[in-house]
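> Compute the structure for the input listed below.
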Amino acid sequence: MRKSLGAALAVVALGVAACSSSGGDSTQSGSAPLRIIMTSSVTEPGVGANDQTAIMAAKAAVQTINAAGGVLGKPVELSVVDIAGDPTTAVTKLQQAWSGSKKPSIYLQVGASTIAQATLPIASQNKVVSMNQAPTDTSGDPSKFPYNFDFSPSTPNYAEAFCPEMKAMNAKTFGIVYNDTPFAESITGEIAKQCVAAGLQMVGREKFKADALDVTPQLSTLQAKHPDVLVVSSYGAPSGYVLQGLDRLGWHPPVLGDNAFMVSPVVNTAPPKGMLGTSVEKGVKAEVFKSTVYSADQSAALNNMITKMKAQGTIPAPLIVAYTYDEVILAAAGAEAAKTTTDGAKIAKAIEGLPAGGPKTAIFPAYHFSPTSHSANVDATAFLFTVPTKVIDGQFGAPGAS
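Below you'll find the model as predicted:
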């Protein structure tokens, strides 16, 4: 008999029993563990803390599910491979894993969109369910990637929170500066489209290379156009170069960063490693998830995840990068509903049919996957804009964080 998860978290299967397929492969039921492989870049400078947080979140979910009896009577097994931020290394290591006798049926992609572009196609070719944190323009389209699910919201999801925020700031005009990654290109394009449609004027959109060490020229171009708000999309060290460039110019407009900007260690870490609390962050706010801002009445699932992560050690980065908890929960729910731990096609189809909010996830309370959309499709109320604070137990604004 499976144990109950108690008040902290409902048994994964309980939330999905109604959507279990009667055509599930009963011959495979319980025949093998649900094997999950995760690529990470814990050794890559500037992002290691984020990936370590993602690993801790995945392990917390595995512990939660295995404490409830596993999936189809077998434990969930998680393996993590370090790719140091290199797409070629990721492809090589995944192909090795998928050609072995213990082929993982679930792949957790926690790298940048450049990693997603390289690995999602081969996951699909191998009929492996991929769970992706860096959406591309097509990764949420099941006609192109039938085995992939985007857990980071789609770019329209992210963008739709920016325009109301600008209007609440009484802004009439805005400028955008972003680095040349697929994600930044996509989200800033969507912000521009939505906010112009909402009646705001975009005065400029400047791009810089992700390996640039100086963003002053792009910022100077925007400064000359006097936007009421500056939107920033960048990740890692480039976020610091943007802030340094603004300070060098003596220009401190209200800044609205995206979630990639906010999880950049240089933004949320105090000196000497970061810029938190310094004058260069004057006027800075960034988009985060409601679950990443401390609340005394946050969900039991969120508290369960944090407790299990803290048991592994200090949580080094914001929970914005902790989707892996939700990914493992839904992967297990899909496998349970499909009655197989090895058939990626059946697991993917079962995930499409999971009731939104059924399995008790932590980062977002509900994902709205469907046969026509593998984007997270979360509600706009799941987002907040907040000033950078010290991160305590993975959350901004926790007691003692200011």
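> contacts and neighbour counts: CA atoms only from here.
Will do.
> which stretches of this structure form strands?
With strands called from DSSP state E, the chain shows them at 34-40, 76-82, 106-109, 129-132, 148-150, 173-179, 201-208, 229-233, 255-257, 284-289, 383-386.
> partner strands of the first one, parallel or antiparallel?
The sheet places strand 34-40 alongside strand 76-82 (parallel), strand 106-109 (parallel), with pairing taken from DSSP bridges.
> Now do the contacts for A382.
Taking Cα atoms under 8 Å, 6 or more residues apart in numbering as the criterion, A382 is in contact with 289-291, 364.
> looking at the strands of the chain, which is closest to M309?
Relative to M309, the nearest member of those by Cα to Cα is strand 76-82, separated by 15.3 Å.
> Pull out the buried positions in the closest one.
Neighbour-count burial for strand 76-82 flags 76-78, 81-82 (criterion: 16 or more other Cα atoms under 10 Å).
> And for stretch 80-95?
81-87, 89-91, 94-95.
> ends of that stretch, how far apart?
14 Å (Cα to Cα, to the nearest Å).
> Put together TSV for the buried residues of stretch 80-95, with distance to S264 and pLDDT on each row.
Below are the buried residues of stretch 80-95 laid out as TSV (distance: Cα to Cα, whole Å; pLDDT from 0 to 100):
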residue	distance to S264	pLDDT
V81	22	96
D82	19	95
I83	19	95
A84	17	91
G85	15	91
D86	18	93
P87	20	95
T89	23	96
A90	22	96
V91	25	97
L94	26	97
Q95	30	96
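> I'd like those residues as a markdown table, with distance to S279 appended.
Below are these laid out as a markdown table (distance: Cα to Cα, whole Å):
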| residue | distance to S279 |
| --- | --- |
| V81 | 39 |
| D82 | 36 |
| I83 | 35 |
| A84 | 32 |
| G85 | 31 |
| D86 | 34 |
| P87 | 36 |
| T89 | 39 |
| A90 | 39 |
| V91 | 42 |
| L94 | 44 |
| Q95 | 47 |
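> Among those, pick out the one closest to L120, please.
Distances from L120 to the buried residues of stretch 80-95, taken by Cα to Cα, are shortest for V91, at 9.4 Å.
> Now that closest one. Nearest residue, chain neighbours left out?
Closest residue to V91 apart from its sequence neighbours, by Cα to Cα, 6 or more residues apart in numbering: T119 at 5.8 Å.
> separation between the residue nearest to I306 when sequence neighbours are not counted and A311?
The shortest distance from I306 to any non-neighbouring residue, by Cα to Cα, 6+ apart, is to D393 (6.9 Å). Noted for D393: a distance of 11 Å to A311, by Cα to Cα.
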